[in-house]
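> Would you be able to build a 3D model of this:
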Amino acid sequence: MSVRVKVLPDGRTIIVPAGRTLADALEQNGLRLSLYCGQRGICGKCFVEIISGEIGEPGAIERRFIEARKLPPRSRMSCRYRPGADAVVRIPDASRLPEMPVFRTGIERRIVPDPAVRTIAVSFSESGPTADAALLDRIRNGFRREKPLIPAGLLREIARRAAAQSSPSPFWTAVLYDGRELLDFVPGDVSGSGLGLAVDLGTTTMVAELVELDTGRVLGSASSINPQTSFGADVVSRITAGYMNPDRVGDMRDAVTAGLNALIEELAGSSRREAEGIHEAVIAGNTAMNHLFLGLPVATLAVAPFAGLFSSLPPLAASESGLRIHPRGKVTIAPNIRSFVGGDISAGLAATDLEHRQGNHLFLDLGTNGEIVLKTGPDFVAASTAAGPAFEGMSISCGMLALPGAVHKAGIRGEEISVRTIGGAPARGVCGTGLIDLISLALRKGLLTRGGHILNPSKSIPFAGTLALTQKDVREVQLAAAAVKTGMRLLLSSAGLEAAELDGLIVAGAFGNELNIAHATSIGLLPRIDRNKVQFVGNSSLAGARALLLSRAERARCEKLAARVRHVNLAGDEEFQRIYIESLELAPWP
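Below is the predicted model:
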């Protein structure tokens with residue numbers, strides 16, 4: 001028996017089938033919630049207040065969250081609440097899936113455009129001495145050099161367009177892929193009008209850019225939460241979901257495709273262009289995101305040796321990918337390197353031009369996974385660490401993404417910890433950079449031991465109003481920082497290097513220039529290194545996707561580099577456990 005639930009402050013009434021959770025019903029009705037743990041009931045980010053209707057006693061986890069956050073007593077996690085009768089519920093802002101700001105790339109490489117997709121003017125006449133030649137031959141004769149492949153479906157479209165012309169145009173515009181395949185052929189000279197899409201397909205967020213292919217000019221950017229977060233906040237939870245129930249892979253593919261198509265529609269509208277005018281998209285994502293975008297099984301990523309189904313793929317037809325760009329357009333996936341070091345990292349290496357940097361350099365991408373690449377001379381070695389979503393605020397009790405109201409900086413004023421929020425808005429939670437600041441300052445003030453024990457009787461570290469870090473929050477930071485630290489130390493050790501011998505430390509990810517180097521060093525997240533050697537490059541995955549979109553040479557180089565990077569399985573290293581346990585201490589590198 002279904003029940004009716006009125007949702008405030010939206011004023012909508014939805015139907016909840018018997019036995020279904022409120023979270024499921026809200027999602028199906030387009031009311032997106034922060035379901036970061038994949039509805040496992042452990043993150044506490046989907047609370048709603050039951051204004052009226054049946055309500056049982058809260059579970060143990062719910063009670064702890066209600067008491068710690070001082071929530072209204074009739075608050076319940078929507079992923080656990082199954083309304084048995086008509087009800088009225090209120091969704092607080094903190095439980096809604098937020099609108100995402102656009103994350104800037106943070107690094108700009110000058111790329112001389114030489115895209116795979118070209119739009120050129122071709123002489124094509126409907127009359128004259130060759131009017132009796134076959135249509136296909138007349139089209140091909142317009143090309144001076146190599147004659148392109150022309151699919152039969154496109155030939156039918158060209159015939160219809162030619163027949164519909166009242167006054168035949170002497171020039172048509174050919175859209176060519178790699179100089180060999182005709183993607184489209186339209187009346188008139190609109191050469192140089194080609195559009196491409198660069199996409200950073202992140203675990204938590206997705207960012208897309210609409211790019212003029214002939215000039216490299218970015219016409220617009222758009223971003224959103226990855227809709228797959230409702231299946232789990234991190235890569236492991238989504239792989240687990242797809243491994244335990246293979247049908248979920250298709251659901252996750254549909255979710256991310258719908259999310260990307262919404263970004264495409266937004267970009268086309270804001271730029272006053274047609275989505276069908278986009279003839280190529282380059283996707284840069286980690287190995288799991290690439291598999292899920294393509295709807296591929298993830299079983300091999302769930303068990304050792306954690307091998308993907310592919311490293312590199314030829315371009316797909318857009319119609320096969322599900323992206324609503326030109327149906328004959330191409331979708332290119334930035335190559336995975338190995339295991340969990342994916343296309344976002346190969347794109348990042350392209351964006352930073354790491355191959356041509358002299359000396360020893362460490363590339364670190366801080367996200368839900370910590371991916372590390374060490375370059376020593378001509379050699380590259382890579383590894384990944386399961387940092388988890390702590391640095392994006394997702395496994396922190398009062399954590400949030402870097403949105404207005406997030407504490408992103410903290411310092412000491414007098415005897416007290418002072419904080420700054422994004423946009424100067426009232427503090428709603430803490431994001432990754434603020435979290436690192438708070439842990440470092442708590443150590444300095446003696447509120448926290450190096451072993452991670454909170455010394456306050458309340459076992460919390462208050463920092464803004466009722467907001468406070470819990471003992472569990474500190475443990476999450478310890479685990480994440482230790483994973484990253486262990487990965488860096490093992491890679492350096494494998495090359496016989498000390499951190500001081502690095503010529504550069506490149507930090508990619510959403511932290512950008514907001515990360516306080518001194519605070520990150522004090523807890524061991526970054527090695528002790530001359531801060532002038534540290535370069536923050538922001539969203540290098542997006543910058544790399546744009547580079548691959550604009551340059552065939554960059555794309556070829558990226559493919560070759562990804563194939564020759566040596567991958568190290570850290571878990572198989574005999575020293576891993578010892579260094580990991582040692583690295584759990586919130587202290588600078590030895």
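> excluding its backbone neighbours, what's nearest M289?
Of all residues not flanking M289 in the chain, L201 sits nearest, at 4.8 Å (C-beta to C-beta, 6 or more residues apart in numbering). Quick note: C-beta positions are derived from backbone N, CA and C, even for glycine.
> right, and the one you found touches A288 too?
No: counting by C-beta atoms under 8 Å, L201 stays clear of A288, with 10.2 Å between them.
> Flag every buried residue along the lowest-mean-pLDDT helix or strand in the chain.
Among the helices and strands of the chain, helix 135-141 carries the lowest confidence by mean pLDDT, DSSP states H and E, at a mean of 77. Buried residues in helix 135-141, counted by 16 or more other C-beta atoms under 10 Å: R138, I139, R140.
> again, but for stretch 274-281
Using 16+ other C-beta under 10 Å as the test for burial, stretch 274-281 gives A275, E276, G277, I278, H279, E280, A281.
> For the strand or helix carrying A23, name the packing helices and strands.
Here A23 sits within helix 22-28, counting by DSSP states H and E. For helix 22-28, the packing partners by 3 or more C-beta pairs under 8 Å, 6 or more residues apart in numbering; DSSP states H and E come out as strand 3-8, strand 12-16.
> Chain neighbours aside, what residue packs nearest to the residue nearest to the spatial centre of the chain?
The chain has G202 as the residue nearest its centroid, 1.1 Å off, counting by C-alpha atoms, centre = their mean. Nearest residue to G202 in three dimensions, chain neighbours excluded: N226, at 6.3 Å (C-beta to C-beta, 6+ apart).
> what about the residue nearest to M289, distance to A152?
33 Å (C-beta to C-beta, to the nearest Å).
> out of those two, which sits in the busier spot?
L201 (29 against 7; other C-beta atoms under 10 Å).
> Quick check: bridge partners of that one?
M206, G285 (DSSP bridges).
> Distance check, it against A241.
Relative to A241, and taking C-beta to C-beta, L201 is found at 17 Å.
> and what of V373?
The value you get for V373 to A241, if C-beta to C-beta is used, is 28 Å.
> So between those two, which is more surrounded?
V373 (27 against 24).
> going on from the helix or strand where the more buried one lies, what's the next piece of helix or strand?
Using DSSP H and E, the element containing V373 is strand 370-376. Next helix or strand after strand 370-376 toward the C-terminus (DSSP H and E): strand 379-385.
> That next one vs strand 370-376, what angle?
Per axes from the mean of the first three to the mean of the last three C-alpha atoms, to 10 degrees, the angle that strand 379-385 makes with strand 370-376 is 160 degrees.
> which residues sit against strand 379-385?
Residues from elsewhere that reach strand 379-385 (C-beta atoms under 8 Å, 6 or more residues apart in numbering): 337-341, 345, 354, 369-374, 483-484, 486-487, 490-491, 494-495, 561, 564-570.
> if you set the cut-off to 6 Å instead, what comes out?
Outside strand 379-385, the residues that touch it by C-beta atoms under 6 Å, 6 or more residues apart in numbering are 337, 340-341, 369-374, 483-484, 487, 491, 565-568, 570.
> filter those to the buried ones?
Buried residues within the contacts of strand 379-385, counting neighbours by 16+ other C-beta under 10 Å: 337, 340-341, 369-374, 483-484, 487, 491, 565, 568, 570.
> Relative to K533, which of the residues you listed is nearest.
For the buried ones among the contacts of strand 379-385, the residue nearest K533 by C-beta to C-beta is L374; the value is 14.3 Å.
> That closest one reaches L491, doesn't it?
Yes: judged on C-beta atoms under 6 Å, L374 makes contact with L491 at a distance of 4.5 Å.
> What segments of the stretch 351-500 of the chain are helices?
Remark: helices assigned in the stretch 351-500 of the chain by DSSP state H, counting those that start in this stretch are 432-444, 471-494.
> distance between the last one and the chain's centre?
Which is helix 471-494. Centre-to-centre, helix 471-494 and its host chain are 21 Å apart (C-alpha atoms, centre = their mean, to the nearest Å).
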